[in-house]
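Colleague: Fold the stuff below for me.
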Amino acid sequence: MTDVLLIWPPHVPSYFNAGHHSPLYMVAGHLRRRPGAGRVDTCEAGTLSMNWKGVGDLLYQGRYDVIAVMNDFDAVDGLARFAEYARVLSPHSRLITFGRLSSLNPGYFRQFDLDAVVQSGDYECGVAHYVNGLAESGPETAPVAGLPGVAVRHGKNWIEPGGPGDRLAPEEWSLPDVDEIPYQDYDRFYAKDEHKFCGIPFRRELVVPAARGCPVGCEFCEVPEIFGLRERRMTVDAVIDYIRDSYARHPFEYVAFYAPTFTLDRRWVRELCERFIEGPVSPQWKCATTIHHLGEELVALMGRAGCVRISVGLETLEAEGQGGLPRNKRIEEERFRTLAQWCDAAGIELNAFVIVGLPGTSVEGTARTVEFARSLGARIRPTMYTPFHEMTGDMTTHQVARFNRQLISGEPVLGEAGDNGSGDDGTDGDGTARRPEADARYAFLFGREDRLTSVHERIPQQDPR
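Modeller: A predicted model of the protein is given here:
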């Protein structure tokens, strides 16, 4: 038997979305279903509730055969330190990493003291291939190699994957075990709506990972490259069963559907809504989708079925900035106004994703997009344009951390190659001033926010159990 620890190392998150954390628990569930599986533990040390002493205790006492480290766009500032702790306190353990960043920029992780990197396919498949390979070959043999979607280190060299990573059918997914998720920590992140995180403040969220993959193909989105252009979606029955079971075990107050384009399959959404209306499972819920995949009748049905928030990728209303968007993402003001009217009539909060710095857009145009959406009552969730395709494997941790949808990725990093302290990077040499355009962009993300959501008032509170 192989004992496995799945861990998110300590770091200060730049952003929090509980849906992005669900893979940690889905990979754990998948490994537990393996024939002859050993102990599989999870640890979210990235929710600001654990210190390095606690991590050290876990590593030293756990004696895990494999430690699978989850990564994300900017959750890498503690990776080198974690690897050092693991090598010192659990020297017999093999280290493998998986996550969004290693799927987009796998070469970056080869600078760390790791044994393997999942770089394509579903995370569950990559980690399971490696764990199974070790179990079959034995810990003292040469490292397993030729695995689908997994690069393996051998000495100072890396052995490339044996082919692209595998993908699971929805019925093979292991949904997160709600008994092991630190919801009290999640609640703290969502409590301040001025941070513009996806969750609803003052109410506990159950994430339901309903679908993977998306055919829309936005070039600034990681979903198609990681999970494919073809959508894979759970059955309505499976969704209902998971919600019913989870609500029976914990005091959840609303459901967050984690799906790239929730209303891509309108027939599926109608069936789900009808089931919610019929009961007995009738939660309040939210989702994210595109404006193109919504209609007046569907929005009205969603409202009757308990939907309290719809998030859409508005991105920009500037014509000059829409040329790089897929055709069905090029939205005119009147179309957005119509959607806002539908949502208002259905009692649904409209949440608009706006991209700051999108090629072809201006600061003034972004301001007009934001103000127009707000004039219709929409909540705004801004992010910085992030060209993931520009990342390279030889980047430093500071450079990679710029690709976090909050910082401008193209600006030089102070103290690194290309910065001579002369102000060429947009500062006066000591970092005390920024270029006016950059400062104006940052104002959208980090300026004071006084328009806070009230959607939690539509969601009844549960008595804690």
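
Colleague: Can you pull the domain assignment for this structure?
Modeller: The chain breaks down by automatic domain parsing into domains covering 4-159, 191-458.

Colleague: now the helices for the stretch 301-450 of the chain?
Modeller: Ranges of helices in the stretch 301-450 of the chain, per DSSP state H, counting those that start in this stretch, are 333-346, 363-375, 397-401, 436-446.

Colleague: Mean pLDDT added to the ones you listed, as CSV?
Modeller: Formatted as CSV, these follow (pLDDT from 0 to 100):
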stretch, mean pLDDT
helix 333-346, 97
helix 363-375, 97
helix 397-401, 90
helix 436-446, 93
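
Colleague: So for Glu411, which of these sits nearest?
Modeller: Closest approach to Glu411 among the helices of the stretch 301-450 of the chain (Cβ to Cβ): helix 436-446, 6.8 Å. All C-beta atoms are positioned from the backbone trio N, CA, C, and that covers glycine.

Colleague: helices and strands around that closest one, which ones?
Modeller: Helix 436-446 sits against strand 349-356, helix 363-375, strand 379-384, with contacts defined as 3 or more Cβ pairs under 8 Å, 6 or more residues apart in numbering; DSSP states H and E.

Colleague: how about those, which one is nearest Ala128?
Modeller: Using Cβ to Cβ, the helices and strands packed on helix 436-446 put strand 379-384 closest to Ala128, at 32.3 Å.

Colleague: What residues sit buried inside the closest one?
Modeller: Arg379, Ile380, Arg381, Pro382, Thr383, Met384 (16 or more other Cβ atoms under 10 Å).

Colleague: before we move on, the earlier item: please identify the deepest-packed of the domains of the chain.
Modeller: Stretch with highest mean neighbour count among the domains of the chain: domain 4-159 (a mean of 19; mean count of other Cβ atoms under 10 Å).

Colleague: Check the model's average confidence along that one for me.
Modeller: Averaging pLDDT along domain 4-159 yields 93.

Colleague: how far does that domain sit from the chain's center?
Modeller: Between the centre of domain 4-159 and the centre of its host chain there is 17 Å, according to Cα atoms, centre = their mean, to the nearest Å.

Colleague: From the opening residue of that domain to its closing one, how far?
Modeller: 22 Å (Cα to Cα, to the nearest Å).

Colleague: of all the buried residues of strand 379-384, which comes closest to Leu58?
Modeller: For the buried residues of strand 379-384, the residue nearest Leu58 by Cβ to Cβ is Thr383; the value is 33.2 Å.

Colleague: Who is the closest one paired with across the strands?
Modeller: For Thr383, the beta-bridge partners under DSSP bridges are Ile355.

Colleague: Relative to Ile181, which of the domains of the chain is closest?
Modeller: Comparing those against Ile181 with Cβ to Cβ, the closest turns out to be domain 4-159 (6.3 Å).

Colleague: wait, what's in contact with the residue lying closest to Glu315 once chain neighbours are set aside?
Modeller: Leaving aside its sequence neighbours, Glu315 sits nearest to Ile355 (Cβ to Cβ, 6 or more residues apart in numbering; 4.9 Å). Residues in contact with Ile355 (Cβ atoms under 8 Å, 6 or more residues apart in numbering) are Phe220, Glu315, Thr316, Thr361, Pro382, Thr383, Met384, Tyr385.
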